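1. from the sequence below, what's the structure:
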Amino acid sequence: MKLGFFTAALPHLSLEACAEWGAANGFEAIEIACWPAGSGKERRYAGVCHIDVDTLTDARATEIRDLMARTGLTISSLGYYPNNLHPDPEHRAQVNAHLKKVIDAASKLGVDIVGTFIGRDPTKNVPDNLEQFATVWPPLVRYAAERHVKIAIENCPMIFSYDEWPGGTNLAHSPAIWREMFRIIPDEHFGLNLDPSHLV
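-> Numbers count the residues shown, from 1 in each chain. Sure thing, here's the model as predicted:
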């Protein structure tokens, strides 16, 4: 096990500065934030872009790998945590398309994990959200598997503000729901990115 951190916590630093800070402070791994460039901060820790996946060239990928080698850090995953089941079809399509670009970037960098949220339509109950999950998520997992990338879903329920109550905006927040998701998608490229801070 390696101790790491998510670069979204350092939004005003460049990726190079994040890596140098992490190495200087005893970290061994780094999860790199990959929201769309210029998307703005939608919520705490969101909207941070330390790798612009829309413009990631082979040369830039080599620079990033060299940076990790120089600082002694491992890229544990690329992180993008939107609402992949957003009730607005246009918004959902946009975030799902960007997630695919993050998967492509992970493949180009030789990173085998992308961390993200399942998402949730807060106007629907759990069975109806699971029905949407069964439509939206199998193609995303197949896309990742074809590129030898694993999807790691976080368990935070996303109920930080009153407009997110009572169900939150991330369906994958309990063992019973995880089991149903893994029954729907029994794929080794689909698993948990466990956030123990939310298991209270």
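
2. switch to C-alpha atoms for all contacts and neighbour counts from now on
-> OK.

3. which residue, other than its chain neighbours, is closest to Ala33?
-> Of all residues not flanking Ala33 in the chain, Gly79 sits nearest, at 4.8 Å (C-alpha to C-alpha, 6 or more residues apart in numbering).

4. got it, and Glu154?
-> Asn193 (4.7 Å).

5. same check, this time on Ala23
-> Distances taken as C-alpha to C-alpha, 6+ apart put Thr71 closest to Ala23, at 5.7 Å, once the chain neighbours are dropped.

6. for the one you found, give me its contacts.
-> Ala19, Glu20, Ala23 (C-alpha atoms under 8 Å, 6 or more residues apart in numbering).

7. run through the chain and note the low-pLDDT ranges.
-> 39-45, 157-168, 195-200 (pLDDT under 70).

8. what about the helices in this protein?
-> Here the chain has its helices, by DSSP state H, at 15-24, 58-71, 89-109, 126-146, 175-184.

9. need phi/psi at the closest residue to His148 other than its chain neighbours.
-> Excluding the flanking residues, the one nearest His148 by C-alpha to C-alpha, 6+ apart is Asp112, at 6.6 Å. Dihedral pair for Asp112: phi -100, psi 10, per degrees, to the nearest 10.

10. quick one: Asp112 and Asn125, what's the gap?
-> For Asp112, the distance to Asn125 equals 33 Å [C-alpha to C-alpha, to the nearest Å].

11. out of these two, which sits in the more crowded spot?
-> Each of Asp112 and Asn125 has its neighbours counted (other C-alpha atoms under 10 Å); Asp112 has more, 21 against 12.

12. and the more buried one, what is it in contact with?
-> Asp112 sits next to Ser77, Ala106, His148, Val149, Lys150 when contact means C-alpha under 8 Å, 6+ apart.
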